[in-house]
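**Q** Got a predicted structure plus its sequence, pasted below:
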Amino acid sequence: MGRKRHWWNKRPESGKDFSLLVSIPLDKVCVSFPVSIPLDKVSVQSSTNVHGLKCDLLSTLPRSWVDISPPTDSDVIIICKPSYYETSNTSRVQFTIQIKATFNWSVFLHNNLLSYASCSVLHCIPCELHGVDDVLSLIRCVEKAKICQGHCDSKYKCLVRHRNGKFHDNKGMLLALEDLVTLDKPTIRSSHCEFLLDSDSPYSKCRPCYKIRTLLRIALSRYQHVIEIASLKRVGVHSHVNHRYLLEKEKDFKLRNQHQHIRSLERKLTHMATKLSIATEKVGVHLNSDMHEDVCSIMKQEDNEVVKLHPEGSFQRMFWSQQLNASRVQKASAMKWHPLMIKWCLYLRYKSSGAYEALRESGCLKLPSQRTLRDYTHVVKAANGFTLDIDEQLVRVSKLLTLKEWQKCVALVIDEMFIREDLVYDKTNDELIGFTDLGDINNHLVAYEKCLNEDTCPTVANSMLVFMVLTITFDGAAANRRFLKLMGSEKVLFKVINKYSLEKRPLFFFSDPPHLLKTTRNCLASKARHLWCNGSDILFQHITDMYYRDREKSMGLLLLPKIKLEHIQLTPFSRMRVDLAAQLLSETVAKALVLSGDPAVQETAKFVTMFDKFFDALNVSNYTSGVNKRKVFQQPYRSGDDFRLKWLKEEFLVFLDTWEQSVQARPGFSASEKQKMLLSPQTLLGLRITVNSFIGLVQYLFTLEGVESFLSQRIGQDPLEKFFGCQRQRGATSDNPNVSEFQKNMQTIRIVDTMCRPSVRGNCREVKNQHPINPNENTPLLKRKSKRKKSKKAKQHD
């Protein structure tokens, strides 16, 4: 027996030192080694042959291998090969060979048992090692073989680590796992990895690891898609954002979502249609006259229960009574419809005449015919301007004779709507409709001039429609600004004296507050302007950066929860939306800017705060929002010395003046460059006119007897904007009607009145329950008288 070499006294060939740690109990072995050998697999049977093989092997064992056999067990041979890893600067046991008393052997790679059946490199070694040559052949085979590299790509590592280091299929079977010890860097291996490859193999991975690569790619693609969608959802890609403002990924995400939504709706529609047809075939019943009478009798029997369920004056009770009465009459012409029922049917027909006719012909509901509805809508002839019929309807709807003096104070709202240029032939009047027409007033003036030239005296008026117009509200159009110049030569003309009133009442001019807020936001977002005040910039980029930081770093809680991408990426349509401007120039955005702590954004925060308070003060819509939202500027006005009037005069107007003075005093810039540091001249003029007029109006109103409160939203153009929205609704895909369509729609809207609801996506958002349906409204509606045909005897007599 040769000299026994102790492995702890050996030096590796590379000259590196190895630090090995104790990893098993001392009662089992007396030698420390760095990995845990499964002792339950070690045979402790006594065999002199294995002992002799061990003695012969120690004299011929290569220098890089070390004997770590337990001294208390002579029937087991355990040899290992340590290796040094430069990347981690550590020494570890790489290969371990275990020979049992039966001469069966096992090979471990970093404590991973190599399967003889799956590892093709080991097939050249016999199952039993009876001599030193067999053991050396196994050692040479193991040293010569290449280690399977697995998948070292970082993208696959992130995927598997996201799944707690193990990759399973849909059935729960383990397919791959993360290996942290086999190589000097982490890798992803198949659960059936062979670990060793032939040295002549051109590949770096075993066959099972190559097969698992396809599944990893599919799972990685799905994982990246989920991460991308989550990031895009945090950014908030709205379906209404124009494509030119989106990146390729955002555009693809938007189109994919829209496609999926359309496919989902189509599937739901097909499923519902199929389900409805099947249910109709199985349980559907054809109603005959007998069943119709039975249904009518059931309605009569259950009438008392319905009356108890719905209180007097509710729309449901009125609707039930109308259906019950309609089922009793023999002829449709004998039915007397409630005025509110007529308005409701007119509104349904206004939304879609085809849907109304389908509902009526279904027999589920008793509804008046479209011919009957036309008698109500065509009672007044469609025409431009002021007419006698419109004046009479205005007096009747407003109940002018019952109004108090302070209730007759009204605001005159002026705005324009783009219509489609078109000429339509009216067969009733035998004329073309679509030419410019200023209405009956212009025609009266022309006729009056003719009377003066012909020396004929016109008829003197004997009645007057009286409304006390206190305010005139318009936007910043050029025609409206020219109108103000005609009223006076003052730089900021906000009121004049109404010379035609006996009390010489003031007439206040207003620029629409929502319109001013939109133009302010547009000036802030304009790339042609660079707002500056008191040595600091007022930039839209400050809000944009805050929005993206909020979306990137948020963990579910957002500083700006209402701000979406459509607030930042403005389109021609989004620039006209008041709600987007109000949410952007809000107290929430101002507090988020202040919370950032950046001194460069403090002037922007002050700018946003000032215009948030300005809009709240001039947009009070109800009596509860100020308390519910805890914003004192949204509470109703109850006196002429309200604190908000003082704030508007002493702080807001002073802020505008100070801003303008600081810009004008800034040296080194031309007049045109200084103009770009301010809001547009039209916006500044509109703000000053509106604030001064509002202060004077509130102070004047509370001098009138009977005025207890005032809601500032009444001076805005919202009613007119909603009316334009109702006009565009009727056009379906064609948003802008022509003159003829506008006049016909106007006839229906006059009858429907407050029941007509504006578009959900319109420029103005409707306040809930602002115009509730009043079931007690039973004022008879005017109806066109039918022209009876003459009988044959009457014709013969003529």
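**A** Here it is on my side, so go on. Numbering: from 1, shown residues only.
**Q** Low-confidence stretches in the stretch 51-200 of the chain?
**A** For the stretch 51-200 of the chain, applying pLDDT under 70 flags the ranges 86-88.
**Q** Residue 470: neighbour count?
**A** As a burial measure, residue 470 scores 22 neighbours (other Cβ atoms under 10 Å). Yep, even glycine has a C-beta here, placed from its N, CA and C like the rest.
**Q** sorry, that was for residue 533
**A** Residues near residue 533, counting by other Cβ under 10 Å, number 19.
**Q** and the closest residue to it other than its chain neighbours, what is it in contact with?
**A** With Cβ to Cβ, 6 or more residues apart in numbering as the criterion, residue 533 has its nearest non-adjacent residue at 4.8 Å, and that residue is residue 659. By Cβ atoms under 8 Å, 6 or more residues apart in numbering, the contact list for residue 659 reads 533, 534, 678.
**Q** Next, work out how far apart residue 659 and residue 374 are.
**A** Plainly put, residue 659 is 57 Å away from residue 374 if you go by Cβ to Cβ, to the nearest Å.
**Q** any idea which helix or strand carries the residue nearest to residue 328 when sequence neighbours are not counted?
**A** Take residue 328 and drop its neighbours on the chain: the residue closest to it by Cβ to Cβ, 6+ apart is residue 296, 7.1 Å away. Using DSSP states H and E, residue 296 maps to helix 289-301.
**Q** Switch the contacts of residue 659 over to TSV, and while doing so, append distance to residue 257 and pLDDT to every line.
**A** TSV is the format used below for the contacts of residue 659 (distance: Cβ to Cβ, whole Å; pLDDT from 0 to 100):
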residue	distance to residue 257	pLDDT
533	41	91
534	45	87
678	41	94
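**Q** out of the residues you listed, who's nearest residue 303?
**A** residue 678 (69.2 Å; Cβ to Cβ).
**Q** ok so residue 84 is a strand residue?
**A** Yes: Residue 84 sits within a strand when classified using DSSP: H, G, I helix; E, B strand; the rest coil.
**Q** Please name the bridge partners of it.
**A** Beta-bridge partners recorded for residue 84 (DSSP bridges): residue 91.
**Q** Strands - which of the contacts of residue 659 land there?
**A** residue 533 (DSSP state E).
**Q** if we take the contacts of residue 659, which one ends up nearest to residue 491?
**A** residue 678 (15.9 Å).
**Q** For residue 144, see how far away the closest residue to the closest one other than its chain neighbours is.
**A** What sits nearest to residue 678 in space, not counting adjacent residues and going by Cβ to Cβ, 6+ apart, is residue 663, at 5.7 Å. As judged by Cβ to Cβ, residue 663 and residue 144 stand 82 Å apart.
**Q** Equivalent analysis for residue 648, please.
**A** Taken as Cβ to Cβ, the span from residue 648 to residue 144 is 90 Å.
**Q** ok, the two, which is more surrounded?
**A** For residue 648 and residue 144, the more surrounded residue by other Cβ under 10 Å is residue 648, and the numbers stand at 22 against 12.
**Q** Is that one located within a helix, as I assumed?
**A** Yes: applying three-state DSSP, one finds residue 648 inside a helix.
**Q** Quick check: chain neighbours aside, which residue is closest to it?
**A** Sequence neighbours aside, residue 691 is the residue nearest to residue 648 in space, at 5.0 Å (criterion: Cβ to Cβ, 6+ apart).
**Q** residues contacting the one you found?
**A** When contacts are counted by Cβ under 8 Å, 6+ apart, residue 691 touches 614, 648, 649, 652, 653.
**Q** what about 10 Å?
**A** 492, 494, 510-511, 513, 516, 614, 617-618, 645, 648-649, 652-653, 656 (Cβ atoms under 10 Å, 6 or more residues apart in numbering).
**Q** Closest one of the residues you listed to residue 85?
**A** Using Cβ to Cβ, these come closest to residue 85 at residue 614, 68.9 Å.
**Q** Helix or strand next in line after the strand or helix carrying the closest one, which one?
**A** Here residue 614 sits within helix 602-617, counting by DSSP H and E. Using DSSP H and E, the helix or strand that follows helix 602-617 in sequence is helix 625-628.
**Q** Distance from the chain centre to that following helix, please.
**A** 25 Å (Cα atoms, centre = their mean, to the nearest Å).
**Q** same question, stretch 668-679
**A** For stretch 668-679, the distance to the chain centre is 37 Å (Cα atoms, centre = their mean).
**Q** who's in contact with it?
**A** If you take Cβ under 10 Å, 6+ apart as the criterion, stretch 668-679 is touched by 516, 519-520, 522-524, 526, 528-533, 537-538, 607, 656, 659-660, 662-666, 681, 684-687.
**Q** Show the buried residues in those.
**A** Among the contacts of stretch 668-679, those classed as buried by neighbour count (16 or more other Cβ atoms under 10 Å) are 516, 519-520, 522-524, 529, 531-533, 538, 607, 656, 659-660, 663, 684-687.
**Q** So which of these belong to strands?
**A** Per DSSP E, those map to strands at 531, 532, 533, 538.
**Q** Redo these as CSV? Include distance to residue 354.
**A** Converted to CSV, those look like this (distance: Cβ to Cβ, whole Å):
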residue, distance to residue 354
531, 51
532, 57
533, 57
538, 52
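**Q** Widest-spaced pair of the contacts of residue 691?
**A** Greatest spatial distance among the contacts of residue 691 (Cβ to Cβ): 492 and 617, at 18.7 Å.
**Q** neighbour-wise, which of those two wins?
**A** residue 617 (23 against 13).
**Q** give the contact list for the more buried one.
**A** So residue 617 contacts 513, 632-635, 637, 642, 644-645, 647-648, 652, 691, 694, 712 (Cβ under 10 Å, 6+ apart).
**Q** One more: residue 655?
**A** Contacts of residue 655 (Cβ under 10 Å, 6+ apart): 533, 606, 607, 610, 611, 614.
**Q** how about TSV for those residues, with distance to residue 499 added?
**A** Formatted as TSV, the contacts of residue 655 follow (distance: Cβ to Cβ, whole Å):
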residue	distance to residue 499
533	41
606	43
607	41
610	37
611	36
614	32
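**Q** which one among those gets closest to residue 320?
**A** For the contacts of residue 655, the closest approach to residue 320 (Cβ to Cβ) belongs to residue 614, at 48.8 Å.
**Q** Let me know how buried residue 487 is, in neighbour terms.
**A** A total of 13 residues lie near residue 487 under the criterion other Cβ under 10 Å.
**Q** before we move on, the earlier item: I'd like the distance between the residue nearest to residue 328 and residue 341.
**A** As defined by Cβ to Cβ, residue 296 lies at a distance of 19 Å from residue 341.
**Q** Comparing these two, which residue is more hemmed in?
**A** Shown here are residue 296 and residue 341; by other Cβ under 10 Å, residue 341 has more neighbours (21 against 13).
**Q** could you say which helix or strand contains that one?
**A** Using DSSP H and E, residue 341 sits within helix 339-351.
**Q** helices or strands up against that helix?
**A** helix 315-328, helix 353-361, helix 370-377, helix 718-730, helix 739-752 (3 or more Cβ pairs under 10 Å, 6 or more residues apart in numbering; DSSP states H and E).
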